[in-house]
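1. Need coordinates for the below:
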Amino acid sequence: MLWQPPLPPRYYQMAEDELAEAIAARKQELGSDLVILGHHYQQDEVIHFADHTGDSFKLSQLAAGRVEQVGARFVIFAGVHFMAESADILTPDAVSVILPDLGAGCSMADMADYDQTTEAWSFLQEVNAGTGVRVIPICYMNCSAAIKAFCGEHGGAVCTSSNASEVLTWALAGGIQPGSNGDERIQILFIPDQHLGRNTAASLGYDIWSDMVLWNPKGSEPPDEEALAQATFVLWQGHCSVHKLFRPEHVDQVRALWPDVAVMVHPECCYEVCQKADQRGSTEGIIAAVEAAEPGSRWAIGTEVHLVNRISVQAAQRGVSVRILSDCQCLCTTMYRIDMPHLLWVMDELARGKVVNRIQVHPGVRRWALVALDRMLAITGRTQHGTAAPTDSLSLVD
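-> The predicted structure follows:
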């Protein structure tokens, strides 16, 4: 996590309505030069000022589109650090991407760093040498740009919670070298969320015990070599601090309270919770399911509390009842670091001609991260960013 210097005291001395009025005035003053992105997990007071609301990668794509349409020069991302990195990757170099509080990181993304990833990769290459096993790295969007770049450079791709099944299917079929060797076996290194990896692999028919092993980047001992030899998936021992809070008994409790409830959870929840739920889906999938729900239906949602509360208010207007799966504080605390004082501060600095808290991805990292992102878009049939693998790319061709 990066260190955020304290704000001048006056920002915390302002009343909420004063902050809101000042932010609105600055936004009007900056006009088309500025686009504000608000992640679904963000608190309502900040979301109010967002030009776009959505999931992390969707927001980065929207920002790139807005820059192209109106020539925006500044992007304020009310999200967390890895999201701002993605926005910087997808927008031109001349555009400044700003994170209002540098302390807004992601605990899951922080569970995998570049050095740990190269260590895991080296171990897997060594243990699989001469066995006919080819390892393909797949990373969840919720990771650093450096991890995305590692996957791009080593023949892998990025995935989101909504397309993880498609990306894993692509990798299992050989990835960028499909069917190149009939005797070859694919092993996937999935970084950094073990639960998304486990739940997705299980949905594809793989056994959570015999086909998967856990890689602990901080462990003193590597996985058992016999278990590793038969595993198709090596799951990084990372997790989301929010979705980890949901437990199987929460599903039982809400069913006792609402016997007719539909339980829907995010695939970052543990396997046992996902198995008990009626449905699982990405953030956008959860929103779409509730929006399509019949009046009179009741839903319990296992995801971040700010999003659930927002969905609940909107659904109630259509006669749909929505509550969070658990009464525990399932709050993204790092996202919560971004508040109106920090938002106003970065906008005040922009109005003075100064860019603060700019998030910049190194050109070399950006290059390979784009390769991994473009592979994901190609796999899912969406528009690519036009980035081909560089010529020094391990002699692999997309």
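2. distance of Glu349 from Ile76?
-> Remark: distance between Glu349 and Ile76 (CB to CB, to the nearest Å) = 11 Å. Yep, even glycine has a C-beta here, placed from its N, CA and C like the rest.
3. When the two are compared, which one has more neighbours?
-> Ile76 (31 against 15; other CB atoms under 10 Å).
4. So the more buried one, which state does it fall into?
-> Under DSSP: H, G, I helix; E, B strand; the rest coil, Ile76 falls in the strand class.
5. May I have the beta-bridge partners of it?
-> Ile36, Ile98 (DSSP bridges).
6. what do you get for Cys139?
-> Bridge pairing for Cys139 - DSSP bridges - gives Val158, Ile191.
7. Which residue is the nearest non-sequential neighbour of Gln125?
-> Val135 (6.9 Å; CB to CB, 6 or more residues apart in numbering).
8. Show the average pLDDT along the helix or strand harbouring the one you found.
-> In this structure, Val135 sits in strand 133-140 according to DSSP states H and E. Averaged over strand 133-140, pLDDT sits at 97.
9. quick one: the helix or strand following it to strand 133-140, angle?
-> Helices and strands here follow DSSP H and E; after strand 133-140, the next one along the chain is helix 145-153. Taking axes from the mean of the first three to the mean of the last three CA atoms, to 10 degrees, one finds helix 145-153 and strand 133-140 inclined to each other by 140 degrees.
10. helices or strands next to helix 145-153 in the packing?
-> Counting contacts by 3 or more CB pairs under 8 Å, 6 or more residues apart in numbering; DSSP states H and E, helix 145-153 is packed against helix 81-90, helix 114-127, strand 133-140, strand 157-159, helix 363-379.
11. could you give the angle of it to helix 363-379?
-> 60 degrees.
12. got the CA positions of helix 145-153 in PDB?
-> Extracted in PDB, the C-alpha atoms of helix 145-153 (Å, rounded to 0.1, in the frame of the first residue of the first chain):
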ATOM      1  CA  ALA A 145      -0.100  -4.300 -13.600                       C
ATOM      2  CA  ALA A 146       3.200  -6.100 -13.100                       C
ATOM      3  CA  ILE A 147       1.300  -9.400 -12.600                       C
ATOM      4  CA  LYS A 148      -0.800  -8.800 -15.700                       C
ATOM      5  CA  ALA A 149       2.400  -8.100 -17.600                       C
ATOM      6  CA  PHE A 150       4.000 -11.300 -16.300                       C
ATOM      7  CA  CYS A 151       1.100 -13.300 -17.600                       C
ATOM      8  CA  GLY A 152       1.200 -11.500 -21.000                       C
ATOM      9  CA  GLU A 153       4.900 -12.200 -21.400                       C
END
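13. Tell me how far the residue nearest to Gln125 lies from Glu29.
-> In terms of CB to CB, Val135 sits 52 Å off from Glu29.
14. neighbour count winner among those two?
-> More neighbours surround Val135 than the other of Val135 and Glu29, with 19 against 12 (other CB under 10 Å).
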